[in-house]
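Enquirer: What follows is a protein structure lacking sequence information:
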């Protein structure tokens, strides 16, 4: 059984990625979620409706013990299964001006996006190296490339994952494992629901927010064998806002 793991797969972009992988590939979809089980079950139903199989994996990506225990337990119960695709999508925002930022607002954002990438990928990479095949796709952000005021913590976390993407890609390319990052701009999701779309879309040359499905199509391509000569890349998907 070949599997694709999507962290933060219960809602928004993560949910769209799970559904698109279900449509485009033969992968058994591992839907990671932290707390919202109902949303994760909705995603699982959509994956099954798309003609694929899947299951839920609950852990907080920022908690290394939890990550390792859950993944090891899953592997023990599925000895023949191989995780070929990792989509590091889990992330949170705690926006605010840097001078007022509390340590917890800094640390929780770094722990989820940056340490979450390490905790999940580091634990699974050895098996990928043995198999000599894999796809690691990191969902980063426009904020990690251009920096966004009020998001110094988020920009720092995503910028760090971008740099890690480029370094890791070079380490493991010989083993037929690609590592790429996808950097969405303004995408309609829970994370952007508080933003004023009417005003902000004026900043976007395409004059609209993107849909999660548009990001998911790109991720699905990067997760496929068709993308085997693309690695270490950061692909913007933002309607032309930063190019």
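Expert: Looks like it arrived, so ask away. Here the structure is a predicted model, which means the values were calculated and not measured. Numbering: from 1, shown residues only.
Enquirer: Can you show me the strands along the protein?
Expert: For the chain, the strands defined by DSSP state E cover 2-6, 28-33, 54-58, 82-88, 134-139, 177-184, 234-237.
Enquirer: Please tabulate the ones you listed in CSV, including the columns mean neighbour count and mean pLDDT.
Expert: Placement of C-beta: from N, CA and C, glycine included. Listed next are the strands of the chain as CSV, based on neighbours: other Cβ atoms under 10 Å; pLDDT from 0 to 100:
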stretch, mean neighbour count, mean pLDDT
strand 2-6, 24, 98
strand 28-33, 26, 98
strand 54-58, 18, 98
strand 82-88, 25, 98
strand 134-139, 24, 98
strand 177-184, 24, 98
strand 234-237, 17, 97
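Enquirer: Nearest to residue 123 among those strands would be which one?
Expert: strand 82-88 (9.8 Å; Cβ to Cβ).
Enquirer: Please identify the pairing partners of that closest one and their relative orientation?
Expert: Strand 82-88 sits in its sheet next to strand 2-6 (parallel), strand 134-139 (parallel), going by DSSP bridges.
Enquirer: my read: residue 156 touches residue 107, true?
Expert: No: when contacts are counted by Cβ atoms under 8 Å, residue 156 is not listed as touching residue 107 (11.2 Å).
Enquirer: The two: which is more packed in?
Expert: Between residue 156 and residue 107, counted using other Cβ atoms under 10 Å, the more crowded position is residue 156 (19 against 14).
Enquirer: Show the contacting residues for the nearest residue to the more buried one once chain neighbours are set aside.
Expert: Closest residue to residue 156 apart from its sequence neighbours, by Cβ to Cβ, 6 or more residues apart in numbering: residue 110 at 6.8 Å. By Cβ atoms under 8 Å, 6 or more residues apart in numbering, the contact list for residue 110 reads 153, 156, 157, 160.
Enquirer: Now the first one. Nearest residue, chain neighbours left out?
Expert: Computed as Cβ to Cβ, 6+ apart, the closest residue to residue 153 that is not its neighbour in sequence is residue 109, at 4.2 Å.
Enquirer: so that neighbour touches residue 94, yeah?
Expert: Yes: Residue 109 is in contact with residue 94 according to Cβ under 8 Å; the separation is 5.3 Å.
Enquirer: Thanks a lot, see you next time.
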